[in-house]
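Chemist: Build me a structure from this.
(4 chains)
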Number of protein chains: 2
Amino acid sequence: MTDAANSDRIRLGNLSRSPGFLLRLSQLQVFNLFYEALGHDQLRPGEFSVIWLISLNPGVRQGVLAKRLMIKPAHMTKLVKRLEDAGHVQRTIEAGDRRAVQLTLTAKGKRLVDARKSEVFGYIAHENVRLSAAEMAELTRLLQKFVGIEGDSL
Amino acid sequence: MTDAANSDRIRLGNLSRSPGFLLRLSQLQVFNLFYEALGHDQLRPGEFSVIWLISLNPGVRQGVLAKRLMIKPAHMTKLVKRLEDAGHVQRTIEAGDRRAVQLTLTAKGKRLVDARKSEVFGYIAHENVRLSAAEMAELTRLLQKFVGIEGDSL
DNA sequence: TAAAATTAGTTCACATGGAAACTAATTTCC
DNA sequence: GGAAATTAGTTTCCATGTGAACTAATTTTA
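Modeler: Now for the predicted structure:
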């Protein structure tokens, strides 16, 4: 039973140092924490990101949002449609350029952001995580640099 | 044109410090690097992980692999079937427990691992990345700790 | 030892996200 | 000013991955 075939402890070799693999595992773990904390309602991470950015940037074009969030335009169309159907987002054809769609929050959307923001930005409690507060801060700093986000709001 | 509605520079607020968001962006970036370096053949990250682990742990059960890689059993079935159809993996019903499936590499599978491993573990060149070698090492260390992988092979 | 519970894996139906082709509006370039 | 190119967004179809229900084999328990 100490044989690799039957043990749960398997050798990872270089995979245990592979950033891609570690990022994938990390993201799955964070997703699980998110859903434990916020899954009770239907709010999903991507959806909150979108309404959050609309609340900070009212009137933003959905293409600009897609680019910043690295969501493909085709997917963004569906995401925004869901948010519109749910009554959180208002779509407006831009006056100057009738191809473009401007996004704003409805009153309901604003209430949702307000009600959930503290949970959304606080669901990674240090009790649930193997890193200290200082390590978590350093991890965040390195990830920011890795993806090219430097300041607070850019 | 400096208005949020029309600018590509949008405010992120707290999202710019959200580990979940940063992990997602990081993973997309790493995926892109992987596909630039290795996309020419059909090898995908998940598939390589599987044959890599089989090469290090011959005879491993596919359920054990699924658990370690955080792949759902239903998906693992399809993944392994693809690898079997491609002639990389051999499935064997375990003698002692006929419910279980043991995985080993074929000669072709071994050749694939050997041929690609240096690329797979080296595609994140420091030229392509905003972090120094030391920062990359620290990021890797923190991610390992975050997901609970401590030593090399566990 | 027979019935109940658990475990390993599979199948099927669905959801999530992406690529390619498309429409409509705008800009560029003779 | 009109054809060609570009841009914003949408639609359609497909690949990837998951949940739930299922089969078969094994273990537990009364």
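
Chemist: tell me which parts of chain A are close to DNA strand C?
Modeler: A:Gly46, A:Ile71, A:Lys72, A:Pro73, A:Ala74, A:His75, A:Lys78, A:Leu79, A:Gly96, A:Asp97, A:Arg98, A:Arg99 (C-beta under 7 Å from any atom of the strand). For the C-beta atoms, the positions are set from N, CA and C on the backbone; glycine is no exception.

Chemist: Pull out the buried members of those residues.
Modeler: The neighbour count (16 or more other C-beta atoms under 10 Å in any protein chain shown) marks A:Ile71, A:Leu79 as buried among the residues of chain A next to DNA strand C.

Chemist: From the residues of chain A next to DNA strand C, which one has the minimum pLDDT?
Modeler: Within the residues of chain A next to DNA strand C, pLDDT reaches its minimum at A:Gly96, with 88.

Chemist: how near is that residue to A:Gly59?
Modeler: 12 Å (C-beta to C-beta, to the nearest Å).

Chemist: Spell out whether the host helix or strand of A:Ile51 and DNA strand D are in contact.
Modeler: Assigned by DSSP states H and E, A:Ile51 falls within helix A:45-56. No - using C-beta under 7 Å from any atom of the strand, helix A:45-56 never reaches DNA strand D; the gap is at least 12.3 Å.

Chemist: still on that earlier bit, what's the farthest-apart pair in the residues of chain A next to DNA strand C?
Modeler: Across the residues of chain A next to DNA strand C, the longest distance by C-beta to C-beta is 28.8 Å; it joins A:Gly46 and A:Gly96.

Chemist: re the thing from before, next secondary structure after the helix holding A:Ile51?
Modeler: Note on helix A:45-56: by DSSP H and E, the next helix or strand toward the C-terminus is strand A:60-61.

Chemist: A:Leu103 belongs to a strand, doesn't it?
Modeler: Yes - assigned with DSSP: H, G, I helix; E, B strand; the rest coil, A:Leu103 falls within a strand.

Chemist: show me what contacts the nearest residue to it once chain neighbours are set aside?
Modeler: Distances taken as C-beta to C-beta, 6 or more residues apart in numbering or on different chains put A:Ile54 closest to A:Leu103, at 5.0 Å, once the chain neighbours are dropped. Counting by C-beta atoms under 8 Å, 6 or more residues apart in numbering or on different chains, A:Ile54 touches A:Val60, A:Leu65, A:Val89, A:Leu103, A:Thr104, A:Leu105, A:Gly109.
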